[in-house]
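**Q** Quick one: sequence plus predicted model below, questions after.
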Amino acid sequence: MTAVTAAKRPRVMSGMRPTGRLHIGHYFGVLTQWARYCRTADAYFEIADLHAYTTGFSDPQAIRDARNEMVIDWLAAGVDPGSSTFFLQSGIPEISELQVLLGMIAPVSWLERVPTYKGQIEALGQEIATYGFLGYPLLQLCDIAIFRGEEVPVGRDQAAHLEFGREVVRRFNYLYGGGEQILVEPKTMILEEAAEVPGTDGRKMSKSYNNAILLADDEATTTEKVRSMVTDPKKIRRNDPGNPEVCSVFALWKLVEPQHVAPVDRDCRSGVLGCVQDKGDLAEALNAYLKPIRERRALYAADTAQVERIIAEGTQRAREVARQTMINVRRAMRLL
Ligand code: SF4
């Protein structure tokens, strides 16, 4: 991407915590959109390893191991590092410096009222109630503000983090900007509700529920997982009429092969189609869909030096932007 083209495109910033291998829920929900941003935006994709420490601080090796695997999944899914910037959060110390400085003006009460704070502590326990975890939305703001990110695609549950971030930026500019916008107020871009991808047990696909079909799974494992998927519980025998709307297999058809949805819907309801047959067909279609992704995955997995290089080069590019922002911030705060 030339600098001229990049300048015309909105700067979009997004990231993921390296906490394990990615699954087809990540693929359909996030990575397909990222691949699109590579063509339409000046996109920055963050390997959010510092964020991973907020809940995974007791297992640093797991975070280190997950880092390359996650990036291999991004690459396999078609996110193009040639027309975007992949960077490592901990490789840009300016992000942490900005967090310290913005921490001076971010009221604790603002952080405490971010809804996910209490919710996550209730879900994960008091062990994670650290200073770092409370500051999670501030660190998230720094990721964005350091690159002067204009648009931030987030799910609805993250919108409150961004609102907090905007308030902190306004406060910073008011206190130190002297009428200038030193930091850019990030705009929230609520992701159009990506179709929720059900896991094999019918709940939302998630590593923690152990119901995920991974991008790294081979064909046999995928077929096995599809065979174990829950379907309409009222369709017991092959010829019983079923209700596809309550069936996870049907939900995957919508993503994998939309042209197949109408016949499955018809034949399930009439009882012509049995679940064993339908699962076999879906496994075949899903494996065909994932084939090029798996082939790319295998190529990158065999060349970790290339993956490391992509991360290092992106981090270096991103750091140049971060350095410039910090010069402006330090100057505004009379720290030069
Ligand atoms: S026939 Fe297919 S869509 Fe209908 S319940 Fe069985 S698996 Fe689901």
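**A** Looks like it came in fine.
**Q** going forward, measure contacts and count neighbours with C-alpha atoms only.
**A** Noted.
**Q** Please work out which residue of the stretch 201-336 of the chain is closest to the ligand.
**A** Cys275 (3.5 Å; Cα to the nearest ligand atom).
**Q** Let me see the mean pLDDT of stretch 288-296.
**A** On average, the pLDDT along stretch 288-296 is 98.
**Q** quick one: buried residues of that stretch?
**A** The neighbour-count check on stretch 288-296 (16 or more other Cα atoms under 10 Å) flags 290, 293-294, 296 as buried.
**Q** Next: stretch 300-310.
**A** Result for stretch 300-310 [16+ other Cα under 10 Å]: buried residues 300-301, 307, 310.
**Q** now do stretch 38-52
**A** 38, 40-52.
**Q** So which of the residues you listed belong to helices?
**A** 38, 40, 49-52 (DSSP state H).
**Q** Closest one to the ligand out of those residues, please.
**A** Using Cα to the nearest ligand atom, those come closest to the ligand at Cys38, 34.8 Å.
**Q** who's in contact with that closest one?
**A** 79-80, 83-84 (Cα atoms under 8 Å, 6 or more residues apart in numbering).
**Q** By neighbours, which of those wins?
**A** Val79 (24 neighbours; other Cα atoms under 10 Å).
**Q** I'd guess it is in a strand, am I close?
**A** No: counting by DSSP: H, G, I helix; E, B strand; the rest coil, Val79 falls outside a strand, being coil.
**Q** ok, of the buried residues of stretch 288-296, which one's closest to Gln89?
**A** Among the buried residues of stretch 288-296, Arg296 lies closest to Gln89 (Cα to Cα), at 24.9 Å.
**Q** Point me to the helix or strand that includes the closest one.
**A** For Arg296, the element it lies in under DSSP states H and E is helix 275-301.
**Q** and that helix, what does it pack onto?
**A** With contacts defined as 3 or more Cα pairs under 8 Å, 6 or more residues apart in numbering; DSSP states H and E, helix 275-301 has these neighbours: helix 60-76, helix 219-227, helix 248-256.
**Q** Pull out the buried residues from the helix or strand following it.
**A** Later in the chain than helix 275-301, the nearest helix or strand by DSSP H and E is helix 304-332. Judged by neighbour count using 16+ other Cα under 10 Å, the buried positions of helix 304-332 are 307, 310-312, 314-316, 318-319, 322-323, 325-326, 328-329, 332.
**Q** Assign Pro232 to helix, strand or coil.
**A** One correction, residue 232 is Asp, not Pro. coil.
**Q** Got the phi and psi for the nearest residue to it once chain neighbours are set aside?
**A** Excluding the flanking residues, the one nearest Asp232 by Cα to Cα, 6 or more residues apart in numbering is Cys247, at 5.2 Å. Main-chain torsions, Cys247, degrees, to the nearest 10: phi -110, psi 130.
**Q** you'd agree Cys247 is up against Trp253?
**A** No: the criterion here is Cα atoms under 8 Å, and Cys247 misses it with Trp253 at 10.2 Å.
**Q** Quick check: mean pLDDT of the helix or strand encompassing Phe87?
**A** In this assignment (DSSP H and E), Phe87 forms part of strand 85-88. Mean per-residue pLDDT for strand 85-88: 98.
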